[in-house]
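Novice: Sequence and computational prediction follow.
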Amino acid sequence: MATDAVEQLKQSLSGRPGVLGWDRFVHSSVLAPVVMVDGELHLLFQKRTEGIRQGGEISFPGGGFDPGKDTDLESTALRECSEEMGIAPEQVTVIGQMDTLITSVGVTVSCYVGLLDDGALETMTINEDEVAAWFTMPLTHFRKTAPDIHHVRLMVEPHYDHPKKGRVTLLPARDLGLPERYHKPWGGLTREVYFWETPHGTLWGITAELVRELVLRSQKAPDVTT
């Protein structure tokens, strides 16, 4: 009986480890479009329309997973690129996926790298409700130019002050008998935030972190030239 119980536990732990609490996160996906411009590999960026979420910021096309439209997170990235940039999924060859980024606000970002067909930039039509402009920059620019690094401090807040509701208690630490240190905000983890200045504005935050990771990966890739 004990052996059966151990085997049952072992079977429950089999398979590749995932992310604990994955179903409690909000899942999003972006496409990092790469395109050949004058014989050089470029990244395609969009500048978000003012007045919408993250308005005026530079980003890759992307958005939240929609179970009614998307079969997986890769299809999310391709759909969002089509809706925002007017680039059809048939014009994109997904050549890889980077590690999933788990943000400090409980959102996961899956990033797929997609090679655009020749002529995709000439035929695309941006959705001006979401995208104000687009531009490309050589990947070598980010390889040669290190990002500026600043920091933010992350805290866990058991309560907060709402402008209309007043004090909102999320975790009644005192009533639960938790130690005194949990009766007020705790944590204080310092996190790096990356910045690149471009002719089109400041590239920063999640998009800059994804660009940095892509640069680091490409620098480690074996030389396949002959």
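Specialist: Nice, I can see it. Since the model is a prediction, treat every value here as computed from it, not as a measurement. Residues are numbered from 1 along each chain as shown.
Novice: For residue 83, the count of nearby residues, please.
Specialist: 16 (other C-beta atoms under 10 Å). C-betas here are computed from N, CA, C, even on glycine.
Novice: and it, what helix or strand is that in?
Specialist: helix 73-85 (DSSP states H and E).
Novice: mind listing the strands in this protein by residue range?
Specialist: 26-37, 40-48, 58-59, 62-64, 92-97, 101-102, 107-116, 131-138, 148-156, 159-162, 166-169, 186-198, 201-204 (DSSP state E).
Novice: Kindly reformat these as TSV containing distance to residue 217 and mean neighbour count.
Specialist: What follows is the strands of the chain, written out as TSV (distance: least, C-beta to C-beta, whole Å; neighbours: other C-beta atoms under 10 Å):
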stretch	distance to residue 217	mean neighbour count
strand 26-37	11	21
strand 40-48	13	20
strand 58-59	20	22
strand 62-64	19	18
strand 92-97	9	14
strand 101-102	13	15
strand 107-116	9	21
strand 131-138	17	17
strand 148-156	19	11
strand 159-162	38	11
strand 166-169	42	9
strand 186-198	15	13
strand 201-204	18	17
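Novice: for the protein, which spans come out with low pLDDT?
Specialist: 1, 221-226 (pLDDT under 70).
Novice: Please tell me how far the residue lying closest to residue 158 once chain neighbours are set aside sits from residue 26.
Specialist: Excluding its sequence neighbours, the residue lying closest to residue 158 (C-beta to C-beta, 6 or more residues apart in numbering) is residue 171, at 3.8 Å. To residue 26, residue 171 is 21 Å away according to C-beta to C-beta, to the nearest Å.
Novice: Could you check how far the residue nearest to residue 158 is from residue 177?
Specialist: Taken as C-beta to C-beta, the span from residue 171 to residue 177 is 12 Å.
Novice: OK, contacts around the spatially most central residue of the chain?
Specialist: With distances taken as C-alpha atoms, centre = their mean, the residue of the chain nearest its centroid is residue 109 (3.4 Å). Residue 109 is in contact with 28-30, 62, 100-103, 206, 210, counting by C-beta atoms under 8 Å, 6 or more residues apart in numbering.
Novice: Excluding chain neighbours, what is closest to it?
Specialist: Closest to residue 109 by C-beta to C-beta, 6+ apart is residue 101, at 4.3 Å.
Novice: ok, now residue 60?
Specialist: residue 30 (4.3 Å).
Novice: Please tell me how far that neighbour sits from residue 159.
Specialist: Distance from residue 30 to residue 159, by C-beta to C-beta: 34 Å.
Novice: cool, residue 117 as well?
Specialist: Taking C-beta to C-beta, one finds residue 117 at 53 Å from residue 159.
Novice: same deal with residue 15?
Specialist: Distance from residue 15 to residue 159, by C-beta to C-beta: 39 Å.
Novice: Longest helix in the chain, by number of residues?
Specialist: helix 205-220 (DSSP state H).
Novice: can you pull the buried residues of that one?
Specialist: 205-215 (16 or more other C-beta atoms under 10 Å).
Novice: Just put those residues in a markdown table and tack on distance to residue 164.
Specialist: A markdown table is the format used below for the buried residues of helix 205-220 (distance: C-beta to C-beta, whole Å):
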| residue | distance to residue 164 |
| --- | --- |
| 205 | 29 |
| 206 | 30 |
| 207 | 33 |
| 208 | 35 |
| 209 | 34 |
| 210 | 37 |
| 211 | 39 |
| 212 | 40 |
| 213 | 40 |
| 214 | 43 |
| 215 | 45 |
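Novice: Tell me the one of those residues nearest residue 145?
Specialist: residue 215 (9.7 Å; C-beta to C-beta).
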